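>>> Fold the following and give me the result.
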Amino acid sequence: MNHVEGESEFRIDVLGGSASRETGSETAVAQDGSIESAPDLSELTVPSEAIRALPVDFVKRHRILPFELKEGTIRVAAAGPVESKVVDDIRLLSGLEVEEFRAPESEILEKISECYQVTVERMIENLNPEESAGLESKNLHDIEVMANEPTVINLVNLIISTALGERASDIHLVPFEKELELRYRIDGFLQPKPPPPKHLHAALISRIKIMADMNIAERFMPQDGHIQIQHRGTRVDIRVGTMPTIYGESVVLRLLKKDQKVQTPEELGLDPDRAKLLRRLVAKPHGLFLTTGPTGSGKTTTLYSILSSIYSPEKKILTIEDPVEYELPGVAQIPVRPNRGFTFATGLRSILRQDPDTVMVGEIRDSETAEIGIRAALTGHQVFSTLHTNDSAGAITRLLDMGVEAFLISSSLEGVLAQRLVRRICPDCQIEAPISALVRDQLEAAGVDLEDCTYYQGQGCEECRETGYLGRVGIFELLPINSELRELILQRRSSSEITNVAKKTMVSLRQDALNKAKQGITTLDEVVRVASDDATE
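Residues are numbered from 1 along each chain as shown. Below you'll find the predicted structure:
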């Protein structure tokens, strides 16, 4: 194709009108004799019948874009004159006469990529219900055969690949009476996607089970499995969990990129002063340090950040996790296997005989694990773990509720870091935002006096998929255990009493969220959603 390399836009003049080719193809001609330009391709929605008129490999090879079918003619955009043989092939493949238009090659290639990209939506749309309706079966052998059909394999692969491309952390596939619901969790929120055909439900679940080395014959009990794949040069571990419902099995896939960079405390969202305090607390050679928060609040990610910051060849660091989420250089990481009797408690007993300096326990779930971990902290080990509590002071009362003696907690605990995740404002569409009456009322009802300063929100753009948010950042509440707090722990005081003493110097979760809203990192809506019920104010 004849064009000038690097030019963004050009026109080709044709002498003597439009019907100059021996092939009889037509060329749209403007009044000045030049070939007419195609409509603005960036704004053009190409109909599906035009996309299907020519094979994708043919379109990409010749760099032409079929963008409209009209009255027995296919309109194609090209950067320069289309060879007569190619025009003949277009006519033969489409069964239509050909009309040429001109457009910049860069726009043509971008639109080809957009139109011919295989997406979950397009694949589902192109599935022929009549051809695949017979694939629905209650017979286990038939379902297994169907799970290995190319259509089902490709659809599952595409669902996973698309989720990774959209930065999803989880994929949810849930059956209902008349439809199969597909949703991705992106930045903490579930976003619905076009549902796969309901009759493919059993085959899709079976395909995922085959990939995860699970029992496809068991459909009435929950199962857990694991898939490992390569995606664009990155190793991805996928935790799979199935659950029987009244309309069949639902499945959740948790996506974990193994070689993801471990972030520093500042990158996670801690301000410099508290990051410095955190480093002082975790630099102590022994003692217990906890991170707290609900599921999915980034507790383990924070512990990975801490372990990376304290690692040195002189230290032996062991972790016991369920599962191992990211691989840390120089750290021996051990997954628990409850089905074989290898739990946090039994694993912790064993790894203490491996002469570690530092131990990370994925989660303290019971009194046995708590007591072993605390006694390890008292005998010269550095111990890190997580708890599910709403705030930092709640970790102390949770340990007491588990039956751990107050003097053990007081002697071993060095600090607690409570955290949540809020969504970041998309930097590409950030604008100033007035405070809505509803948000103001909600925050004032929670005891927050909003300062007279500028707040921001995302307007919504292509980069953030019109949500106004891109990524997440942590909000934190760091509670160092000093002599005054140790005395309160010995007296078994409530978490509210401990908080009242600590908050004189401690930045609460809500205050940290408000600070980030003032800095333009997040919105007041996120403050209300995540930290409006903060008990530390």
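>>> which SS class is Q260?
The three-state label given to Q260 by DSSP: H, G, I helix; E, B strand; the rest coil is coil.
>>> List the contacts of it.
Q260 makes contact with Y326 under the criterion Cβ atoms under 8 Å, 6 or more residues apart in numbering. For glycine as for every other residue, the C-beta is placed from the backbone atoms N, C-alpha and C.
>>> Which other helices and strands does the strand or helix carrying V416 contact?
Taking DSSP states H and E as the definition, V416 sits inside strand 413-425. Packed against strand 413-425 by the contact rule (3 or more Cβ pairs under 8 Å, 6 or more residues apart in numbering; DSSP states H and E) you find helix 272-282, strand 287-292, helix 299-310, helix 394-401, strand 455-458, strand 469-480, helix 509-518, helix 524-531.
>>> quick one: which of those is nearest R232?
Among the helices and strands packed on strand 413-425, the nearest to R232 by Cβ to Cβ is strand 469-480 (18.7 Å).
>>> next SSE after that closest one?
helix 483-490.
>>> distance between that following helix and the chain's centre?
Centre-to-centre, helix 483-490 and its host chain are 40 Å apart (Cα atoms, centre = their mean, to the nearest Å).
>>> who touches it?
Under the criterion Cβ under 8 Å, 6+ apart, residues 396, 406-407, 409-411, 413, 479, 481, 497-498, 501-502 lie in contact with helix 483-490.
>>> and that helix, C-alpha only, in CSV?
Taking C-alpha atoms only, helix 483-490 is exported to CSV below (Å, rounded to 0.1, in the frame of the first residue of the first chain):
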residue,chain,number,x,y,z
SER,A,483,3.9,1.4,79.0
GLU,A,484,0.5,3.1,79.7
LEU,A,485,-1.3,0.8,77.3
ARG,A,486,0.4,-2.3,78.7
GLU,A,487,-1.0,-1.4,82.1
LEU,A,488,-4.5,-1.0,80.6
ILE,A,489,-4.1,-4.5,79.0
LEU,A,490,-3.1,-6.0,82.3
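>>> Just the buried positions in that helix, please.
Neighbour-count burial for helix 483-490, with 16 or more other Cβ atoms under 10 Å as criterion, is recorded at L485, R486, L488, I489.
>>> Dump the residues you listed into a markdown table; add pLDDT as well.
Below are the buried residues of helix 483-490 laid out as a markdown table (pLDDT from 0 to 100):
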| residue | pLDDT |
| --- | --- |
| L485 | 96 |
| R486 | 96 |
| L488 | 96 |
| I489 | 96 |
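>>> so what secondary structure elements neighbour the helix or strand hosting T162?
Secondary structure assignment for T162, by DSSP H and E: helix 150-165. Under the contact definition 3+ Cβ pairs under 8 Å, 6+ apart, helix 150-165 sits against helix 120-126, strand 168-175, strand 180-186, helix 201-211, strand 223-231, strand 248-257.
>>> could you give me the average pLDDT of the last one?
Think strand 248-257. Strand 248-257 shows a mean pLDDT of 94.
>>> Can you list the helices and strands that it packs against?
Partner elements for strand 248-257 (3+ Cβ pairs under 8 Å, 6+ apart): helix 150-165, strand 168-175, helix 201-211, strand 234-245.
>>> One more: the longest one?
Where contact means 3+ Cβ pairs under 8 Å, 6+ apart, helix 201-211 is packed against helix 140-147, helix 150-165, strand 168-175, strand 223-231, strand 234-245, strand 248-257.
>>> go again using 6 Å as the cut-off
Using 3 or more Cβ pairs under 6 Å, 6 or more residues apart in numbering; DSSP states H and E as the contact test, the elements touching helix 201-211 are helix 140-147, helix 150-165, strand 248-257.
>>> now do the second one
For strand 168-175, the helices and strands in contact under the criterion 3+ Cβ pairs under 6 Å, 6+ apart are strand 180-186, strand 248-257.
>>> Any chance you could give me the longest one in PDB, C-alpha atoms only?
Coordinates of the C-alpha atoms in strand 248-257 are reproduced here as PDB (Å, rounded to 0.1, in the frame of the first residue of the first chain):
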ATOM      1  CA  GLY A 248     -26.400 -25.300  40.600                       C
ATOM      2  CA  GLU A 249     -22.800 -24.600  41.500                       C
ATOM      3  CA  SER A 250     -21.400 -21.100  41.800                       C
ATOM      4  CA  VAL A 251     -17.600 -20.500  41.500                       C
ATOM      5  CA  VAL A 252     -15.300 -17.700  42.600                       C
ATOM      6  CA  LEU A 253     -11.800 -17.400  41.100                       C
ATOM      7  CA  ARG A 254      -9.300 -15.200  43.100                       C
ATOM      8  CA  LEU A 255      -6.500 -13.900  40.800                       C
ATOM      9  CA  LEU A 256      -3.000 -13.500  42.300                       C
ATOM     10  CA  LYS A 257      -0.100 -12.200  40.200                       C
END
